[in-house]
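**Q** Sharing a model that was predicted from the sequence below.
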Amino acid sequence: MMKKFLRPFILYAVGLCTAFISCRKDDLQILPTVNLSSLNFTSEPGEGEIKIKWNTPAENPGFMYIKMSYIDPRDHKYRVITLSPYTSELTIPNTRARYGNTYSFTFIPYSETDTPGTPFVLDKCVSGPAPSTVTITKTPIKLAKIITNAQEPSEGPLANLTDGNLDNYFHSQWSNSGGTEPYHWIDLDLGQEVTRFEIHTWNRKGAGNNFPNHIKLYRLSKLDDRTVDMEKGAFYEYDHPNKTSGGEGEITYPEIDQPEIKEPIRYLRYCPNGTGGSKFWHLAELSISKVEVSVFNPETDEKSDMTDMKK
């Protein structure tokens, strides 16, 4: 008799407990009270980025955190960023202007019980163009041959100019008032055609004058080309960048931000005059490098695929 009485009671108690637990669980699912559309979300383009801003509630934000998600059209990956209730701006990096207004960002508020609220979508966002990157490669050139028209017999042989030793030097002819040559030059066989190059020099140590002063560069058809107009034939002129004892200097032609030479150069004449008004000069070391400039524009050179954006 007792067993018949207890069985309904036990079933009733279990049911009551289950209902109570279920009720408590439901009570824990607190919804966010914020309406994200009231926070005035805006976006503006940056250089390869999108800047998003919004207002933060002055007090009692009505949510614990926000999850922002979007699909990146560059790699078609789904990305999620968690934001605190005090965040008021966000920068999305690595965006591209070429995708137009296809960027869409979804914001979902969450309560302290991790319960999601009503999503807000900020769509038709655009990016500014991503900046280009410039890569500069300098490759030292092993000169095939080098000659001069005015070697000083008593010192500074031409071989010293490219031996890698800064303690010796080349000297053009100073004896007999510089000889009969009106200009003292060296001709360089680069061994290859180049469209941009760098000349790197080191001045003679311990000297006080006759450093390279004003330099003229000539294009040659061969070494020791005597048909070149030395008065008007230079394709580039510049002042030596360092006119001190042991000083180091370099020039690049054409400059990095200028177009490369349309007609490549192999044979090059280097013709300075000396500081102090002399036609003779000296130099410890000279080297030439081939310079290559590579420009990568993410908006045009990077693969563009809108497949996922159209789904």
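**A** Arrived safely.
**Q** alpha carbons only for contacts and neighbour counts from here, please
**A** Fine.
**Q** Excluding chain neighbours, what is closest to the spatially most central residue of the chain?
**A** The residue lying closest to the centre of the chain (CA atoms, centre = their mean) is residue 133, at 3.9 Å. In space, and not counting its chain neighbours, residue 133 is closest to residue 296: 5.3 Å by CA to CA, 6 or more residues apart in numbering.
**Q** what do you get for residue 129?
**A** With CA to CA, 6+ apart, the residue lying closest to residue 129 is residue 97, at 4.8 Å.
**Q** what's the answer for residue 220, then?
**A** Per CA to CA, 6+ apart, closest to residue 220 is residue 267, 5.1 Å.
**Q** looking at it, the one you found is touching residue 190, isn't it?
**A** Yes - using CA atoms under 8 Å, residue 267 and residue 190 qualify as a contacting pair, with a distance of 6.3 Å.
**Q** So which of these two has more stuff around it?
**A** Legend: neighbour count by other CA atoms under 10 Å for residue 267 and residue 190, higher for residue 267 (23 against 20).
**Q** C-terminal to the helix or strand harbouring the residue nearest to residue 220, what's the next element?
**A** Taking DSSP states H and E as the criterion, residue 267 maps to strand 265-274. Sequence-wise, the next helix or strand downstream of strand 265-274 (DSSP H and E) is strand 282-283.
**Q** quick one on the thing from earlier: partners of the strand holding residue 267, with directions?
**A** Applying DSSP bridges, strand 265-274 is found paired with strand 186-194 (antiparallel), strand 212-220 (antiparallel).
**Q** Pipe these into JSON lines and attach mean pLDDT and distance to residue 246 per row.
**A** Converted to JSON lines, the strands paired with strand 265-274 look like this (pLDDT from 0 to 100; distance: least, CA to CA, whole Å):
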{"stretch": "strand 186-194", "mean pLDDT": "98", "distance to residue 246": "20"}
{"stretch": "strand 212-220", "mean pLDDT": "98", "distance to residue 246": "12"}
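**Q** Mind checking those for the one nearest to residue 108?
**A** strand 186-194 (58.0 Å; CA to CA).
**Q** May I have that closest one exported as PDB, CA atoms only?
**A** Taking Å, rounded to 0.1, in the frame of the first residue of the first chain, the C-alpha atoms of strand 186-194 are listed here in PDB:
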ATOM      1  CA  ILE A 186      88.200  56.100 -67.200                       C
ATOM      2  CA  ASP A 187      86.200  53.800 -69.500                       C
ATOM      3  CA  LEU A 188      84.300  50.900 -68.000                       C
ATOM      4  CA  ASP A 189      83.000  47.800 -69.700                       C
ATOM      5  CA  LEU A 190      80.100  46.600 -67.500                       C
ATOM      6  CA  GLY A 191      80.100  43.300 -69.200                       C
ATOM      7  CA  GLN A 192      76.300  43.600 -69.600                       C
ATOM      8  CA  GLU A 193      73.600  46.100 -70.600                       C
ATOM      9  CA  VAL A 194      71.900  47.900 -67.700                       C
END
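**Q** The residue nearest to residue 129 contacts residue 131, correct?
**A** No - the pair residue 97 / residue 131 is not scored as a contact, 10.5 Å apart, by CA under 8 Å.
**Q** Which residues are in contact with each of the two?
**A** residue 48 (CA atoms under 8 Å, 6 or more residues apart in numbering).
**Q** between those two, which one's more packed in?
**A** Neighbour totals were compared for residue 97 and residue 131, and residue 97 leads with 20 against 13 (other CA under 10 Å).
**Q** which residues does that one contact?
**A** Counted by CA under 8 Å, 6+ apart, residue 97 has contacts 48, 126-130, 299.
**Q** Quick check: pLDDT value at it.
**A** Residue 97 is assigned a predicted lDDT (pLDDT) of 98.
**Q** same check, this time on residue 136
**A** So residue 136 comes in at 97 (pLDDT).
**Q** Over to residue 302?
**A** 89.
**Q** swap in residue 60?
**A** On the pLDDT scale, residue 60 gets 86.
**Q** residues near it, how many?
**A** So residue 60, with other CA under 10 Å, has 10 neighbours.
**Q** where's it, which helix or strand?
**A** Per DSSP H and E, there is no helix or strand for residue 60.
**Q** contacting residues for it?
**A** Counted by CA under 8 Å, 6+ apart, residue 60 has zero contacts.
**Q** Show residues contacting stretch 224-231.
**A** Counting by CA under 8 Å, 6+ apart, 147, 149, 187, 218, 220 sit against stretch 224-231.
**Q** Most neighbours of all the contacts of residue 97, which one?
**A** Neighbour max across the contacts of residue 97 (other CA under 10 Å) = residue 127, 26 neighbours.
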